[in-house]
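Student: below are the sequence and a predicted model for it; my questions follow.
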Amino acid sequence: MNKQLRKAVIAGNWKMNNNRAQTRELLEALIPSVKDAACDVVVCVPFTDLETAVAMTKGTNIKVGAQNCHFEAKGAFTGEIAPGMLTEMGVEYVVLGHSERRQYFGETDVTVNKRVKAAIGAGLTAILCVGELLEQREQGITAELVAMQTKIALNGVEKADLDKIIIAYEPVWAIGTGKTATADQANEVCALIRGVIAELYGQDAADAMTIQYGGSMNAGNAAELVSKPDVDGGLIGGASLKAPDFTVIVNAASQD
Ligand code: 13P
C-alpha cells in the first residue's frame, strides 16, 4: 500500500551506552558495512558522543541523531540541550517522547509536543515515539491511546513540516524485553497511526509518512517486520550496539 512513496529509515537508539572509544569502534565497523544501504541509516548517540559521531560520519550515508532536546532555545534549564545546539554541531535527527523519557523523566504528551515543534522549527527531523503499556494493550485501549499520543504530539504542527517527522511505534512491553510484537501486531498499529495522519492531514500526508516499529527488533526478526506494508523501518535499541546485527537489519530494510 503506497510503500514506494516513502523511504524506510533504520535508526539505532544507543540509549546510555558507548563512551568515545566505543563510539569510534562501532562506527568504524558500521561505516563500510552499511554504505550501500537503500534505506536511510541513523545513529542516535549520547550527547557526549555526538561530536565524535558527526565527525566520523561526515561524507558517509550515516546520519546522526540525539536522544532528546529541550523546547526552549536557551535559558535557565539546567541539564537540558536546545535544538539549535544540536543543529550547530551537524546533528540532523532527534528522538522525542521515548517511553523511557516518559516513564523515568516525567515527559508528557504536552512536553513531547513542545519538543517536537521546537526541534522541527530548528531544522531537526524528529523521531517521535508512541506506544502502549502492556496493561493498556490488555485493556484493549491501544488504538485510542496511540491515536491520542500522536494527535497531542502533532498539535500545531503544519502539514508542510511533516517531512521533518518520523513516527516510531514502540510498544513499551516490547522494549528491551526480547518480546517483539508480531509483525501483524506491529503493522496493525503502524497502519492505525497512518490513519490518524490521514484524518489530521489527508491521505497524501499519510502515504508519505515514515512510520517505524521499535521494540526488540533484531537480526532475526527484522526482515519479517519491515516487509509489512505499513512498517517503514525500525528504531532499534540493543541490536544497534552490535555492528553485524545492525547491518543485517539495514540490509533487511534495503530489500523492501
Ligand atoms: P530494544 O531494541 O532494545 O528493545 O529497544 C527499542 C527501543 O527502545 C528503541 O528506541
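Tutor: Now that the structure is in, tell me what you want to look at.
Student: and Trp173, what does it touch?
Tutor: Going by CB atoms under 8 Å, 6 or more residues apart in numbering, Trp173 touches 132-134, 137, 179, 215. Every residue, glycine included, has its C-beta placed from N, CA and C.
Student: now, which of those residues lie close to the ligand?
Tutor: Gly215 (CB under 6 Å from any ligand atom).
Student: what pLDDT is listed against the one residue sitting closest to the centre of the chain?
Tutor: In the chain, the residue lying closest to the centroid (CA atoms, centre = their mean) is Ile127, at 3.9 Å. Note on Ile127: pLDDT of 98.
Student: I'd assumed it was in a helix, is it?
Tutor: No. Counting by DSSP: H, G, I helix; E, B strand; the rest coil, Ile127 falls outside a helix, being strand.
Student: who is it paired with across the strands?
Tutor: Beta-bridge pairing of Ile127 under DSSP bridges involves Val95, Ile166.
Student: what about it, distance to the ligand?
Tutor: Distance of Ile127 to the ligand, given as CB to the nearest ligand atom, to the nearest Å: 8 Å.
Student: equivalent analysis for Thr60, please.
Tutor: Using CB to the nearest ligand atom, we find Thr60 at a distance of 22 Å from the ligand.
Student: mind checking which helix or strand that residue is in?
Tutor: Following DSSP states H and E, one finds Thr60 outside all helices and strands.
Student: quick one, what contacts the nearest residue to it once chain neighbours are set aside?
Tutor: In space, and not counting its chain neighbours, Thr60 is closest to Ile31: 5.2 Å by CB to CB, 6 or more residues apart in numbering. Contact partners of Ile31, counting by CB under 8 Å, 6+ apart, are 56-57, 60, 62.
Student: mind doing that once more with 7 Å?
Tutor: Residues near Ile31 by CB atoms under 7 Å, 6 or more residues apart in numbering: 57, 60, 62.
Student: now list the buried members of the residues you listed.
Tutor: Buried subset of the contacts of Ile31 (neighbour count, 16 or more other CB atoms under 10 Å): 57, 62.
Student: these two touch, right, the residue nearest to the centre of the chain and Gly12?
Tutor: No. Counting by CB atoms under 7 Å, Ile127 stays clear of Gly12, with 11.0 Å between them.
Student: what does the stretch 51-200 of the chain put close to the ligand?
Tutor: With CB under 6 Å from any ligand atom as the criterion, the stretch 51-200 of the chain meets the ligand at residues 98, 170, 175-176.
Student: hmm, stretch 231-242 in reach of the ligand?
Tutor: Yes. Against the ligand, stretch 231-242 shows contacts by CB under 6 Å from any ligand atom at 235-239.
Student: same list, these, but as JSON lines with neighbour count and distance to Leu5 please.
Tutor: Shown next, in JSON lines, are the residues of stretch 231-242 next to the ligand (neighbours: other CB atoms under 10 Å; distance: CB to CB, whole Å):
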{"residue": "Leu235", "neighbour count": "27", "distance to Leu5": "20"}
{"residue": "Ile236", "neighbour count": "29", "distance to Leu5": "23"}
{"residue": "Gly237", "neighbour count": "23", "distance to Leu5": "28"}
{"residue": "Gly238", "neighbour count": "18", "distance to Leu5": "31"}
{"residue": "Ala239", "neighbour count": "20", "distance to Leu5": "27"}
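Student: nearest to the ligand among those residues?
Tutor: Nearest to the ligand out of the residues of stretch 231-242 next to the ligand is Gly237 (CB to the nearest ligand atom; 2.3 Å).
Student: for that closest one, which residues are in contact?
Tutor: With contact set as CB under 7 Å, 6+ apart, Gly237 has these partners: 13, 15, 175-176.
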